[in-house]
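# Quick one, fold the following:
(chains A and B)
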Amino acid sequence: ETGVTQSPTHLIKTRGQQVTLRCSSQSGHNTVSWYQQALGQGPQFIFQYYREEENGRGNFPPRFSGLQFPNYSSELNVNALELDDSALYLCASSPADSGNNSPLHFGNGTRLTVT
Amino acid sequence: RKEVEQDPGPFNVPEGATVAFNCTYSNSASQSFFWYRQDCRKEPKLLMSVYSSGNEDGRFTAQLNRASQYISLLIRDSKLSDSATYLCVVNERTGANNLFFGTGTRLTVIP
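Presented below is the predicted three-dimensional model:
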């Protein structure tokens, strides 16, 4: 069974640019969640997508946006990049019937550096 | 106040030692609890879920005290391979599967 895969692995961008990160969900999983992990911090919830709709959002500004596609893969887009956006971006997928008591299994992340 | 608070450490312990990590959470309505392990520059991986009655997985024991809103992880007979950051995680059941992570506690097991 294929797990969650993310691309690219590493990315360097300049302040003010836009970036798109990609996530392929685990087979059979139709819900995708995105997290941001800054250096020395725990991951923070950005948003979740279910059936191509946003299904919950954390405390992130609108310049963080996402998409989910019919095959359940997902994109995270960040506009007008700021230096503080430098972080590890993690994606996790889960089946719709997993409920809110299930742990998440993350992809290996995309490390974004904004200079 | 943060949803989940942990002592960041670092904890440096000799091989074979027993070490305990503690964590508190702020939302008394929280429904599920986990410990994740994160190696340097890698993604967090689930170590174990934490159940109300306490649970054990080999050398690892997790405890939950709902009254005190406190979670613990005990590692017995520490191995060099246990060196990692341990993240306390709480799900507040907000509708989305939204996990709240502590900042993590760094453990180094010394030969």
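
# for chain A, what spans make up the strands?
Assigned by DSSP state E, chain A shows strands spanning A:5-7, A:10-13, A:19-24, A:31-37, A:44-50, A:53-57, A:64-68, A:74-78, A:87-94, A:105-106, A:110-114.

# Check whether the third one comes near chain B.
In other words, strand A:19-24. No: using C-beta under 8 Å from any C-beta of the partner chain, strand A:19-24 stays clear of chain B, with a minimum separation of 11.9 Å. (C-beta placed from N, C-alpha, C; glycine too.)

# That strand: which residues count as buried?
A:19, A:21, A:22, A:23, A:24 (16 or more other C-beta atoms under 10 Å in any protein chain shown).

# quick one: which of those residues is nearest to residue B:28?
Taking C-beta to C-beta as the measure, residue B:28 lies nearest residue A:23 of those, at 33.0 Å.

# partner residues bridging that closest one?
Assessed by DSSP bridges, residue A:23 has beta-bridge partners residue A:6, residue A:74.

# picking up where we left off before, using TSV, please lay out the strands of chain A together with mean pLDDT.
As requested, those are exported to TSV (pLDDT from 0 to 100):
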stretch	mean pLDDT
strand A:5-7	96
strand A:10-13	97
strand A:19-24	97
strand A:31-37	95
strand A:44-50	93
strand A:53-57	91
strand A:64-68	97
strand A:74-78	98
strand A:87-94	94
strand A:105-106	90
strand A:110-114	98
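
# quick one: which of those is nearest residue B:67?
Between the strands of chain A, strand A:44-50 lies closest to residue B:67; by C-beta to C-beta that is 26.6 Å.
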